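J.: below: sequence and its predicted model.
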Amino acid sequence: YICRVGDKPIEEVIAEVKLKLKDWKKAKTQSSKTITVTNLVKAFIADGAKGFRIKKKGGKLKYKDRTSDDYISKLKIYILLITNNQDLIERLTYPTGNLSSAASLKDVPLNKLGQEDIEAFHNRLESTPTVANRVLAVLSVCFSWDSKRGKDRLFKGVNPCLRIEKFPETKDKRFLEIEKVLEIRNYILEELWRDPHFLALYLLLMEVGEREVDIFELVWNKPTTITEQKKCSGWINFNKDEIHLTDSKDREAADVGLTVEAIQVLKKLQQLKIDENSKAAFAAGSKYVFPRPTDPSKPINYSSYKKKLYRFNFKFGLGEREHVKGRGKGEFVKGKGKRKAYKYKNNYSFKHLRKTFVTHFGREHGVEAASERMRHSSPQVTREHYFNYDTKKLRVKHVYNTGENVVPLKKKAADE
């Protein structure tokens, strides 16, 4: 279907039909021998990536824009090879194994495509196992989508991406030790005025453990209409000391409790926002808790605080930096000398604050409780991706504690 009911006005549908009719007819007359993986991928990008997926529990769910963009990006780079990375192109086009007849996967005719071709392609990305597994998953989505198109499907066989063994991935479970958490928290509580929005965001991520995007798009008050509610990730309810979220993962509603420190910082941020002399004054008219500095009518995104995070983490020993030569006016002696510039390496990102929260919450209340709190599908997900056991507590001097009564009993038996 070009669209589903309500997605587009009939005038737009008619215009699209007229525009694409020649291409559709041309595609129909193509020989099956000339239809390659490229044709399938391009068809998915044009008509499938912005469509619907099937939920595990049944029903259809429209792809999120972020998901669609990620799918399209991976397909263009790794399948269609639209990239400036020459090393990657060489790795994916070097004749080897089952793909020797076709330099790259995109050129393999669909009527000759088999599971061994997909596996050979997957093996070429062995040096980047996480990327290899993600690209395989996206490619599998393409074949699944094509299989549901009835007579218009391009590939006639079973999804060749199924049952291909994925590469083992190294799980990044780095977290902040409790001493570092308390050091950073105390600093933010006392020095919030220095950079109100960034510091409030950092503390809130530590205190609630939610995904960054769910906190980025928070608003102060509950929107009055359903349409407006869909434009944010949730809102703050000070009456109940909680945040109401729509989880970006499963899109289910969730009420997340706020800690005393989180409430304290958020209320202080509100006060700074209405103080025209504070650094938070630019957000006075914004509905978002964390508005974009360049446009307060929009929420922040992943790149908004990238540089600030580098410097902040370095300040607390969570990053590294090296001096690089700069040009222009010096920062320390105006108008003279060379500018002192640094190149930063960040060892921790915002996602590690989520792992920090889960680790310490789990150590205090147990892995099952942490899994329930984070709304994970199972405790196994929590253990594999987020939770770190306290190795000191796993080491014991006595595995089998016999108790204090054993020695007196032995002594009594000897006397008898």
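T.: Cool, got the structure. Numbering: from 1, shown residues only.

J.: okay, now the unreliable bits of the protein?
T.: Applying pLDDT under 70 to the chain flags the ranges 1-6, 26-33, 52-61, 95-102, 325-340, 401-416.

J.: can you show me the strands along it?
T.: Using DSSP state E, the strands found in the chain span residues 52-54, 60-62, 218-219, 234-237, 242-246, 253-257, 291-292, 295-299, 319-325, 340-346.

J.: in TSV, list those along with mean neighbour count and distance to residue 380.
T.: Placement of C-beta: from N, CA and C, glycine included. TSV is the format used below for the strands of the chain (neighbours: other Cβ atoms under 10 Å; distance: least, Cβ to Cβ, whole Å):
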stretch	mean neighbour count	distance to residue 380
strand 52-54	13	23
strand 60-62	12	24
strand 218-219	22	30
strand 234-237	20	27
strand 242-246	19	23
strand 253-257	14	20
strand 291-292	20	37
strand 295-299	14	33
strand 319-325	12	32
strand 340-346	13	29
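
J.: can you tell which of the ones you listed is closest to residue 366?
T.: Closest approach to residue 366 among these (Cβ to Cβ): strand 253-257, 17.4 Å.

J.: mind putting the strands of the chain into TSV with distance to residue 83?
T.: Shown next, in TSV, are the strands of the chain (distance: least, Cβ to Cβ, whole Å):
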stretch	distance to residue 83
strand 52-54	26
strand 60-62	28
strand 218-219	35
strand 234-237	36
strand 242-246	34
strand 253-257	38
strand 291-292	29
strand 295-299	29
strand 319-325	27
strand 340-346	24
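
J.: and of the ones you listed, who's closest to residue 124?
T.: Per Cβ to Cβ, nearest to residue 124 of those: strand 52-54, 27.1 Å.

J.: among the strands of the chain, which comes closest to residue 191?
T.: That would be, of the strands of the chain and by Cβ to Cβ, strand 319-325, which comes in at 18.6 Å.

J.: give the other helices and strands that the closest one contacts.
T.: Where contact means 3 or more Cβ pairs under 8 Å, 6 or more residues apart in numbering; DSSP states H and E, strand 319-325 is packed against helix 306-315, strand 340-346.

J.: the closest residue to residue 349 other than its chain neighbours - how many residues pack around it?
T.: Once flanking residues are discounted, residue 349 sits nearest to residue 309: 7.1 Å by Cβ to Cβ, 6 or more residues apart in numbering. Neighbour count for residue 309, taken as other Cβ atoms under 10 Å: 20.

J.: residues touching residue 309, list them.
T.: By Cβ atoms under 8 Å, 6 or more residues apart in numbering, the residues touching residue 309 are 346, 349-350.

J.: about what we covered before: okay if I get the helices and strands packed on strand 319-325 as TSV plus distance to residue 396?
T.: As requested, these are exported to TSV (distance: least, Cβ to Cβ, whole Å):
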stretch	distance to residue 396
helix 306-315	35
strand 340-346	37
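
J.: what ranges do the helices span in the stretch 1-150 of the chain?
T.: Taking DSSP state H, counting those that start in this stretch as the criterion, the stretch 1-150 of the chain carries its helices at 10-29, 37-43, 65-74, 86-93, 115-124, 129-147.

J.: pick the most buried one from those.
T.: helix 37-43 (a mean of 20; mean count of other Cβ atoms under 10 Å).

J.: which other helices and strands does that one contact?
T.: Partner elements for helix 37-43 (3+ Cβ pairs under 8 Å, 6+ apart): helix 129-147.

J.: which neighbouring elements make contact with the helix it packs on?
T.: helix 37-43, helix 65-74, helix 115-124.

J.: can you redo these as a markdown table with distance to residue 159?
T.: Formatted as a markdown table, the helices and strands packed on helix 129-147 follow (distance: least, Cβ to Cβ, whole Å):
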| stretch | distance to residue 159 |
| --- | --- |
| helix 37-43 | 12 |
| helix 65-74 | 16 |
| helix 115-124 | 9 |
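
J.: of those helices, which is nearest residue 149?
T.: Comparing the helices and strands packed on helix 129-147 by Cβ to Cβ, helix 37-43 comes nearest, at 8.6 Å.

J.: burial count for residue 252?
T.: Residue 252 has 9 nearby residues by other Cβ under 10 Å.

J.: hmm, residue 234 and it touching each other?
T.: No - contact status for residue 252 versus residue 234: not in contact, 11.8 Å apart, counting by Cβ atoms under 8 Å.

J.: overlap of the contact sets of these two?
T.: residue 246.

J.: before we move on, the earlier item: quick check, nearest of the contacts of residue 309 to residue 119?
T.: The closest of the contacts of residue 309, once distances to residue 119 are taken by Cβ to Cβ, is residue 349, at 32.6 Å.

J.: all helices for the stretch 251-400 of the chain, in order.
T.: So, for the stretch 251-400 of the chain - with DSSP H, counting those that start in this stretch - the helices run 260-273, 306-315, 351-365, 367-373, 379-385, 391-394.

J.: output the second one as PDB, nothing but the C-alphas.
T.: If I follow you right, that is helix 306-315. Extracted in PDB, the C-alpha atoms of helix 306-315 (Å, rounded to 0.1, in the frame of the first residue of the first chain):
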ATOM      1  CA  LYS A 306      28.600  16.800  24.200                       C
ATOM      2  CA  LYS A 307      31.500  19.200  24.800                       C
ATOM      3  CA  LYS A 308      30.200  20.100  28.300                       C
ATOM      4  CA  LEU A 309      30.200  16.400  29.300                       C
ATOM      5  CA  TYR A 310      33.800  16.000  28.100                       C
ATOM      6  CA  ARG A 311      35.000  18.800  30.300                       C
ATOM      7  CA  PHE A 312      32.800  17.900  33.300                       C
ATOM      8  CA  ASN A 313      34.000  14.300  33.300                       C
ATOM      9  CA  PHE A 314      37.600  15.400  33.000                       C
ATOM     10  CA  LYS A 315      37.100  17.600  36.000                       C
END
